[in-house]
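> return a 3D structure for these sequence lines:
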Amino acid sequence: QVQLVESGGGLVQPGGSLRLSCAASGGTKDYYAIGWFRQAPGKEREGVSCISATGGTTYYTDSVKGRFTISRDNAKNTVYLQMNSLIPEDTAVFYCAARSRLVAVQNMCTQRFYEYWGQGTQVTVSS
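From the prediction side, this is the model:
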């Protein structure tokens, strides 16, 4: 069983930055693909950014391209999501999730393939 703990959320003004962290522990594999997903009030959860187990492949949803950067430090079993130029529409609960199975590149940020989920961290962008 993989345990995931998110941190780094909070309240930030529009145009500001936050860095989310996802610390992973447990499991039988050395490394897992990790995804960041978010759910805004009244909306379905969506994939924001995902990174392969080695870090060689990344995905960003269109609305965050150029503003968010995903990275991982496998020595620390931690994945980061650097979020810059935040806008109110980014307000949501952000979840990280881990995937053990290999999937086609076009599915690397598809929620149903992720087996383990964290509890989420709130990000609020407001003046």
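
> which helix or which strand is home to the residue nearest in space to the middle of the chain?
Centrality entry for the chain: nearest residue to the mean C-alpha point is residue 36, 1.8 Å, by CA atoms, centre = their mean. If you go by DSSP states H and E, residue 36 is part of strand 33-39.

> over to residue 3?
Residue 3 belongs to strand 2-7, assigned by DSSP H and E.

> could you look up the SS state of the residue nearest to residue 55 when sequence neighbours are not counted?
The shortest distance from residue 55 to any non-neighbouring residue, by CB to CB, 6 or more residues apart in numbering, is to residue 72 (4.9 Å). Quick note: C-beta positions are derived from backbone N, CA and C, even for glycine. Following DSSP: H, G, I helix; E, B strand; the rest coil, residue 72 is assigned to strand.

> burial of residue 72, as a residue count?
22 (other CB atoms under 10 Å).

> and residue 116, how many residues sit next to it?
There are 18 residues near residue 116, going by other CB under 10 Å.

> which per-residue confidence value corresponds to residue 71?
With respect to pLDDT, residue 71 has a value of 97.

> same check, this time on residue 31
80.

> quick one: it from residue 105, how far?
Separation of residue 31 from residue 105 (CB to CB, to the nearest Å) stands at 17 Å.

> follow-up on the earlier one: my guess is the residue nearest to residue 55 contacts residue 82. True?
No. If you go by CB atoms under 8 Å, residue 72 and residue 82 don't touch, sitting 11.9 Å apart.
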